[in-house]
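**Student:** Return atomic coordinates for the entry below.
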Amino acid sequence: MNDFAYATAAVANAEIRKLIRDPTELVSRALQPVLWLAVFGQVFSKVRGIPTGDIGYLDFMAPGILAQSILFSAIFYGIAIIWERDLGIVHKLLVTPASRTALVLGKAIAAGLRGLIQAVFVYLVALALHVGIRWDAPAMIGVALAVFLGSCIFATFSLIIACIVKTRERFMGIGQVLTMPLFFASNAIYPIELMPGWLKALAVANPLTYLVDALRHSMIVGGHSMYTQATSFGVMAAVFLLLLAAATRLYPGLVR
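**Tutor:** Now for the predicted structure:
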């Protein structure tokens, strides 16, 4: 068990060191929520046709944009794995005593930590736009846990895609195809109640919906959630464990 924890922490530490040496991607990804909140959110907050309960549309949208920022960043996490394979790094990792689960989990944990950094950027933008944010300790802990787990989910999903397609060109194409459907088939920018039946079914099966729901409950003053926190976190945890098992099985196949 100690060996597993050490190997997991070592992989996560290596990934974080990469981010510290070159934070360019993280900064560039932080610009996206600025545009969504400052432009899209400001415009649609003037539209009264979207029912958001007792909170304004910008407040309703802020947790969805945080979830979107996590999704858009983590879903392309797998391209780094393809680069590592091309450089021979994956092969070196696979011949170490570290288990495949530790290798995958370490990368997922690093993605979770990166998601927390992105959350800080979104919070700063939301604060500048006077979004009603909850600052009490239980709420902040709930947001941090949701961000961390959501990042782990989509980074692991990205790794699975990388293991299947094996080339950067195919990966980029599939990543771009998946991000917008996942985003729009969720409750990120409009309530599920407004969706047609077929889209509601997709939204219920979409892990991003549960991430947004958990964030909306904890992040916003008066934020309404469809599910209990236990349900949202339970679904996300189950999805992550399933993806972790699949990624562990597929990861050795990344090597040609």
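
**Student:** Where does the prediction get shaky in the stretch 151-256 of the chain?
**Tutor:** Along the stretch 151-256 of the chain, the parts satisfying pLDDT under 70 run over 252-256.

**Student:** which residue ranges form the helices in it?
**Tutor:** For the stretch 151-256 of the chain, helices defined by DSSP state H, counting those that start in this stretch occupy the ranges 168-184, 197-204, 207-219, 229-250.

**Student:** Out of those, which is the most enclosed?
**Tutor:** Comparing the helices of the stretch 151-256 of the chain by mean neighbour count (mean count of other C-beta atoms under 10 Å), helix 207-219 comes out on top with a mean of 27. C-beta: built from backbone N, CA, C; applies to glycine.

**Student:** residues making contact with it?
**Tutor:** With contacts defined as C-beta atoms under 8 Å, 6 or more residues apart in numbering, helix 207-219 is touched by 60, 62-64, 66-67, 70-71, 133-134, 138-140, 142-143, 146-147, 149-150, 153-154, 182-183, 186-188, 192, 203, 223-227, 229, 231-233, 235-236, 239.

**Student:** Just the buried ones among the residues you listed, please.
**Tutor:** By neighbour count, with 16 or more other C-beta atoms under 10 Å, the contacts of helix 207-219 hold 60, 62-64, 66-67, 70-71, 133-134, 139, 142-143, 146-147, 149-150, 153-154, 182-183, 186-188, 192, 203, 223, 225-227, 232-233, 235-236, 239 as buried.

**Student:** what about the helices of the stretch 151-256 of the chain, which gets the closest to Lys92?
**Tutor:** helix 229-250 (18.0 Å; C-beta to C-beta).

**Student:** elements contacting the closest one?
**Tutor:** The helices and strands touching helix 229-250, judged by 3 or more C-beta pairs under 8 Å, 6 or more residues apart in numbering; DSSP states H and E, are helix 100-128, helix 137-165, helix 207-219.

**Student:** Save those as CSV, and put in distance to Ala80 too.
**Tutor:** Shown next, in CSV, are the helices and strands packed on helix 229-250 (distance: least, C-beta to C-beta, whole Å):
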stretch, distance to Ala80
helix 100-128, 9
helix 137-165, 9
helix 207-219, 21
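
**Student:** And the ones you listed: which comes nearest Trp198?
**Tutor:** When these are compared (using C-beta to C-beta), the closest one is helix 207-219, at 14.8 Å.

**Student:** What angle do helix 137-165 and that closest one make with each other?
**Tutor:** Here the directions of helix 207-219 and helix 137-165 differ by 160 degrees (axes from the mean of the first three to the mean of the last three C-alpha atoms, to 10 degrees).

**Student:** could I get helix 207-219 in CSV with only the CA atoms?
**Tutor:** What follows is helix 207-219, C-alpha atoms only, in CSV (Å, rounded to 0.1, in the frame of the first residue of the first chain):
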residue,chain,number,x,y,z
PRO,A,207,-21.4,13.4,-15.6
LEU,A,208,-20.9,17.1,-16.2
THR,A,209,-24.6,17.6,-15.1
TYR,A,210,-23.7,16.2,-11.7
LEU,A,211,-20.6,18.3,-11.5
VAL,A,212,-22.6,21.5,-12.3
ASP,A,213,-25.3,20.5,-9.8
ALA,A,214,-22.7,20.0,-7.0
LEU,A,215,-21.0,23.3,-7.8
ARG,A,216,-24.3,25.2,-8.0
HIS,A,217,-25.3,24.0,-4.6
SER,A,218,-22.1,25.0,-2.9
MET,A,219,-20.8,27.9,-4.9
